[in-house]
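1. here is my input; please provide its structure:
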Amino acid sequence: RTPTMAFAAAAPSSILRVTSSCSPIGAAQCRQQPRAVVVKVRASAVVSVTRLSFSSEPTKTIPLRRSRGGAAGAAQRLQRLQRQRHVAAAGESSAAGGAAAAGAGAGESQGDSVANAEGASSSTTTSTTVGTGAVDFKAIGTYFGATVVQALLMIYITQKLDFALLGVSNPLAKNGLIAVWFLFNALRSRTFSPLNAARPKVAGEKAAIAERKRPGWMPPPLAFPVIWSTIALLRAGASVAVFGATGTLNHPAIHAMIVHLAVGDTWNSINNVEKRLGTAVLGVGCVLLSVYNVVWQYYGASATAGYIIAPSALWISVAAFLVYTIWKINPGPDGVCEPLLPRKQVLQVAAA
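-> Predicted coordinates for the structure are as follows:
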């Protein structure tokens, strides 16, 4: 008689929808002792429940907070809360008498079918709807702060490298060190990000395609590693050209590249880890502006460097339009696309 719980991590936003159903043994008793619970977790960056209770009150609003444990952690917490509720309600159900026991026995089979079919017409259902709260200024501050911290750290290390290069007399060795540093940053700049800025793997991208609609013109998943690896080589080569023309890494063009990489890593966290489709649109706009600035700064330092880095701006322009398109063709259940600004999340539990 433990409540049945089913979890499915998928869709675009950090949302939990809880549906509770039980036998027709009386509305009040039904609300006090749910027979089955179906929980759908609509994000990999899931939030955790701070308090969950079923009572005769028609509506409960439960604030949620982000959890590092993801869907698995939230699932375990929900199961633990439901078990505690079930133990507390066991005494009440045992005193209900023969009639109530008969009703409960009939309701158990109905509850199982509800857990699989999400509700039968003969059962009383308590469902939750998801509400979006106010703008999450804390998240916005976190994104901005993480980007600034990462950029300052990378600029600091680059200046140390610039100082160390003063002791290197071989031009080929200098260019080699610079190429290695910027190639590493192009591929692993997220190492310096305070956020989880993991990039999606090919297998994960295939799973994401199954979860979200994609435009027919989107390149296949295998194309993305090839494209980004090529762009990494262009970034390294263009940076070497800037150094060759200016004789220093302490240059606004180099700083523009570092800021561009930091902005891109923050966007990776928003889009690929937190899966905020709306906020990702704003984020990729910032990435696009930053890469245009890189091309302009690199071209100002060296025309050759500008030409080398220009294809990366072309690809990111395509990628930005792809992000926008995915956001537009994946609205929520109400037909409305996710808000562009991050929102605080609440769980509204309504008893029918």
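2. name the nearest residue to residue 133, ignoring sequence neighbours.
-> Take residue 133 and drop its neighbours on the chain: the residue closest to it by Cβ to Cβ, 6 or more residues apart in numbering is residue 344, 3.4 Å away. Just so you know, the C-beta spots here come from the backbone N, C-alpha and C atoms, and that holds for glycine as well.
3. sorry, wrong one. I was asking about residue 322.
-> Nearest to residue 322 is residue 218, by Cβ to Cβ, 6+ apart, at 6.0 Å.
4. isn't there a helix covering that neighbour?
-> No - under DSSP: H, G, I helix; E, B strand; the rest coil, residue 218 falls outside any helix and is assigned coil.
5. return the backbone torsion pair for it.
-> phi -60, psi 140 (degrees, to the nearest 10).
6. thought it was touching residue 323?
-> No - counting by Cβ atoms under 8 Å, residue 218 stays clear of residue 323, with 10.6 Å between them.
7. how close does residue 325 get to residue 278?
-> Per Cβ to Cβ, to the nearest Å, residue 325 is found 13 Å from residue 278.
8. which parts of the longest helix seen in the chain are buried?
-> Taking DSSP state H as the criterion, the chain has its longest helix at helix 137-164. If you call a residue buried by 16 or more other Cβ atoms under 10 Å, then helix 137-164 has these buried ones: 139, 142-143, 146-147, 150-151, 153-155, 158, 162.
9. any chance of these in TSV, with pLDDT and distance to residue 262 too?
-> Putting the buried residues of helix 137-164 into TSV (pLDDT from 0 to 100; distance: Cβ to Cβ, whole Å) gives the following:
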residue	pLDDT	distance to residue 262
139	95	17
142	97	14
143	97	11
146	98	8
147	98	5
150	98	4
151	98	4
153	98	9
154	98	7
155	98	9
158	97	12
162	96	18
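10. just send those back as JSON lines, with distance to residue 168 too.
-> Listed next are these as JSON lines, based on distance: Cβ to Cβ, whole Å:
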{"residue": "139", "distance to residue 168": "43"}
{"residue": "142", "distance to residue 168": "39"}
{"residue": "143", "distance to residue 168": "37"}
{"residue": "146", "distance to residue 168": "33"}
{"residue": "147", "distance to residue 168": "31"}
{"residue": "150", "distance to residue 168": "27"}
{"residue": "151", "distance to residue 168": "26"}
{"residue": "153", "distance to residue 168": "23"}
{"residue": "154", "distance to residue 168": "21"}
{"residue": "155", "distance to residue 168": "20"}
{"residue": "158", "distance to residue 168": "15"}
{"residue": "162", "distance to residue 168": "11"}
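11. which stretches of the protein form helices?
-> Under DSSP H, the chain gives helices at 27-32, 70-94, 98-117, 137-164, 171-188, 202-211, 223-246, 252-268, 277-301, 303-328.
12. got the angle for the last one vs helix 223-246?
-> In other words, helix 303-328. 150 degrees (axes from the mean of the first three to the mean of the last three Cα atoms, to 10 degrees).
13. buried sites along helix 303-328?
-> Buried residues in helix 303-328 (16+ other Cβ under 10 Å): 304-306, 308-310, 312-313, 316, 319-320, 322-323, 325-327.
14. tell me what it is packed against?
-> When contacts are defined as 3 or more Cβ pairs under 8 Å, 6 or more residues apart in numbering; DSSP states H and E, helix 303-328 packs onto helix 223-246, helix 277-301.
15. how about JSON lines for those, with mean pLDDT added?
-> Listed next are these as JSON lines, based on pLDDT from 0 to 100:
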{"stretch": "helix 223-246", "mean pLDDT": "96"}
{"stretch": "helix 277-301", "mean pLDDT": "97"}
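16. ranking those helices by burial, who's on top?
-> helix 277-301 (a mean of 21; mean count of other Cβ atoms under 10 Å).
17. helices and strands around it, which ones?
-> Under the contact definition 3+ Cβ pairs under 8 Å, 6+ apart, helix 277-301 sits against helix 223-246, helix 252-268, helix 303-328.
18. want to throw these into a markdown table with distance to residue 340?
-> As requested, the helices and strands packed on helix 277-301 are arranged in a markdown table below (distance: least, Cβ to Cβ, whole Å):
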| stretch | distance to residue 340 |
| --- | --- |
| helix 223-246 | 24 |
| helix 252-268 | 13 |
| helix 303-328 | 9 |
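19. fine, thanks again, bye for now.
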